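[1] sequence unknown, structure follows:
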């Protein structure tokens, strides 16, 4: 899994950031961790999310978790700052 960073913003204006983690073959994506952090802090709706990664494959499980509370705008970029179009 390539290194990645993600942030989500809840409907109260709080932002949660995370980085991808891989330990002994187990991995969790940055988006999944950011969403989990927000939910564990009481977030119940999201305004937007952003993911920075050179992996162009969409984190489908992370997006599913993000959209569990309604549709959310997701911005994606590569490490050099180039925006990734859907």
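    Looks like it arrived, so ask away. A quick note: this is a predicted structure, and the numbers were derived from the prediction, not measured.

[2] From residue 22, how far out is the residue nearest the centre of the chain?
    Here the mean C-alpha position of the chain is nearest to the C-alpha of residue 31 (C-alpha atoms, centre = their mean), at a distance of 2.3 Å. Between residue 31 and residue 22 the computed distance is 14 Å (C-beta to C-beta, to the nearest Å). Backbone N, C-alpha and C define where each C-beta goes, glycine included.

[3] Then residue 8?
    Separation of residue 8 from residue 22 (C-beta to C-beta): 20 Å.

[4] Which one's more surrounded, those two?
    Neighbours were tallied for residue 8 and for residue 22 using other C-beta atoms under 10 Å; the higher tally belongs to residue 8 (29 against 12).

[5] Please name the bridge partners of that one.
    residue 16, residue 49 (DSSP bridges).

[6] Surely it touches residue 45?
    No: if you go by C-beta atoms under 8 Å, residue 8 and residue 45 don't touch, sitting 10.6 Å apart.

[7] Could you find the closest non-adjacent residue to residue 33?
    residue 18 (3.6 Å; C-beta to C-beta, 6 or more residues apart in numbering).

[8] which residues are in contact with the host helix or strand of the one you found?
    In this structure, residue 18 is located in strand 15-19 according to DSSP states H and E. The contact list for strand 15-19 (C-beta atoms under 8 Å, 6 or more residues apart in numbering) reads 3-10, 30-31, 33-35, 37-38, 41, 43.

[9] Buried residues, stretch 62-76. List them.
    Across stretch 62-76, burial judged by 16 or more other C-beta atoms under 10 Å covers 62, 63, 65, 66, 69, 72, 74, 76.

[10] Perfect, I'm done here.
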